[in-house]
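> any chance you could fold what I've pasted below:
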Amino acid sequence: MAIALDLFTVIVRIDALENLGGLEAFIEWVPNSTFCHDEQLARCSFMDSSDALEFIDGLFLRGLETKSLEAPDVTLANGMTGQVKPACDWLQVAQYKARWIAWRTGEEVTSISAPRGWNPEQPPEFEQMSHEDAAQRLQFLRRDENVEVFLDRDTGREVFVGRTNLPLEAMFEEAREVVFQHLRQPGGPPAAADAHPKLRRCIEMLQIFTERRPDTWSAHWLLGKAWHALDDLHQAHARLSQAIALERDNQAVTRELAGICLELGKPEEAVVAAELAVAQAPDDGELLGNLALAYLLAGRHDQAQTTIEHAIAQAPDDPINRNIRQVIDSVVAGKIPQPRKLADLA
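Numbering: from 1, shown residues only. You can find the predicted model right below:
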């Protein structure tokens, strides 16, 4: 048996899905109505290649091997040319009448599994264009829900492209909005349970974004804050560390990483991040208070006392820094044990 190809077709070996929920799980992951399968292969297709690649990125995050050029579990076939990337020794492709089909190597082709509407006698209506040709010929007109509409300058006709995923920029903005709605302060309560599905969806979108644009520090920062809202401090720490590796001169990065380190009981690392933050704004009372806490948890009492006095001098009426000074004084006087993380101060 074989499967039909059309436009940009993602093909998965069914045996690779065994430990991930099987074919039933794959059906749930497919974002449109193009799913079909034979005994060996499952597939879905997309009108836009970037949607197909984003779907493959999601499969990688779920545990399928998509990066190996030697033995990938997933490949992408072009239903207009028959080209397969990456090429796989487990897949055969051939033209059948006006269309293309694929099957598992070694299997006999006796029938074709295809989504509704697939006709081997009818060539694909969608014209294959290079990115350069599309940029010259197609003028974006509007977006109608999940359909992007372009004007083909050569023919004067409108071209409709169905999208199953948001473009990267729209994906980033949607995730950013949700994360900012659920920002969590270090030591504060995590997001309510009813917000978890939205946050996990944001994480999925941001992971796809960082796969494509790994040098965007703000995407890593948002991922860190999303994981923080879900109370996964280790994931938050990993993502914020990546953000600070890309951008050391932004208070949002250094401040938040310092806070996560204080929660995790990494006081010396918190000191480094908090000192970076203060270096950017030496008279910021909040940042000075954070640095004083980092010094305290690192056992550097003299620096903690000096720093908190400087913080209070900048904002004498700030009750938070006055409370921090009381805690520091209590630790120095031996009234309370030496804390190592924020929870010890509760």
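> tell me the confidence at the residue nearest the centre of the chain?
Centroid-nearest residue in the chain, with C-alpha atoms, centre = their mean: Gln207, separated by 1.5 Å. Turning to Gln207, the model gives it a pLDDT of 88.
> wait, a helix at it?
Yes - under DSSP: H, G, I helix; E, B strand; the rest coil, Gln207 falls within a helix.
> how many neighbours does the nearest residue to it once chain neighbours are set aside have?
Using C-beta to C-beta, 6 or more residues apart in numbering and skipping the chain neighbours, the partner closest in space to Gln207 is Leu61 (5.7 Å). Backbone N, C-alpha and C define where each C-beta goes, glycine included. Leu61 is flanked by 13 other residues according to other C-beta atoms under 10 Å.
> check Ala87 too.
Other residues near Ala87 number 11, with proximity taken as other C-beta under 10 Å.
> just the buried positions in stretch 38-48, please.
Of the residues in stretch 38-48, Asp38, Gln40, Leu41, Ala42, Arg43, Cys44, Ser45, Phe46, Met47, Asp48 count as buried by neighbour count, 16 or more other C-beta atoms under 10 Å.
> flag the shaky bits of this protein, pLDDT-wise.
Applying pLDDT under 70 to the chain picks out residues 67-70, 125-135, 143-149, 159-167.
> show me the domain layout of it.
For the chain, automatic domain parsing gives the domain ranges 2-113, 131-162, 168-334.
> dump those to a markdown table, plus distance to Asp344.
Putting the domains of the chain into a markdown table (distance: least, C-beta to C-beta, whole Å) gives the following:
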| stretch | distance to Asp344 |
| --- | --- |
| domain 2-113 | 35 |
| domain 131-162 | 50 |
| domain 168-334 | 8 |
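> for Pro120, which of these is the nearest?
For those, proximity to Pro120 was assessed by C-beta to C-beta; domain 2-113 is nearest, at 4.2 Å.
> ok, the nearest residue to Gly187 once chain neighbours are set aside - contacts?
Once flanking residues are discounted, Gly187 sits nearest to Leu342: 4.4 Å by C-beta to C-beta, 6+ apart. Neighbour list for Leu342: Pro186, Gly187, Leu262, Glu263, Leu293, Leu297 [criterion: C-beta atoms under 8 Å, 6 or more residues apart in numbering].
> picking up where we left off before, which pair of the buried residues of stretch 38-48 spans the longest distance?
Taking C-beta to C-beta, the two most distant members of the buried residues of stretch 38-48 are Gln40 and Asp48; they sit 26.9 Å apart.
> that older thread, Ala25: which of the buried residues of stretch 38-48 is nearest?
Ala25 has its nearest neighbour among the buried residues of stretch 38-48 in Ala42, at 10.4 Å by C-beta to C-beta.
> and the strands in the stretch 1-150 of the chain?
Here the stretch 1-150 of the chain has its strands, by DSSP state E, counting those that start in this stretch, at 2-5, 8-13, 36-37, 41-46, 74-78, 84-85, 91-96, 99-104, 112-113, 138-144, 147-152.
> ok, now the stretch 151-300 of the chain?
158-162.
> how about the helices in the protein?
Along the chain, the segments classed as helices by DSSP state H run 22-29, 49-62, 131-137, 168-181, 196-212, 217-229, 233-246, 251-264, 267-280, 285-297, 301-314, 319-332.
> can you list these in JSON lines and add distance to Arg157?
Below are the helices of the chain laid out as JSON lines (distance: least, C-beta to C-beta, whole Å):
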{"stretch": "helix 22-29", "distance to Arg157": "34"}
{"stretch": "helix 49-62", "distance to Arg157": "21"}
{"stretch": "helix 131-137", "distance to Arg157": "11"}
{"stretch": "helix 168-181", "distance to Arg157": "25"}
{"stretch": "helix 196-212", "distance to Arg157": "31"}
{"stretch": "helix 217-229", "distance to Arg157": "37"}
{"stretch": "helix 233-246", "distance to Arg157": "44"}
{"stretch": "helix 251-264", "distance to Arg157": "47"}
{"stretch": "helix 267-280", "distance to Arg157": "54"}
{"stretch": "helix 285-297", "distance to Arg157": "58"}
{"stretch": "helix 301-314", "distance to Arg157": "64"}
{"stretch": "helix 319-332", "distance to Arg157": "63"}
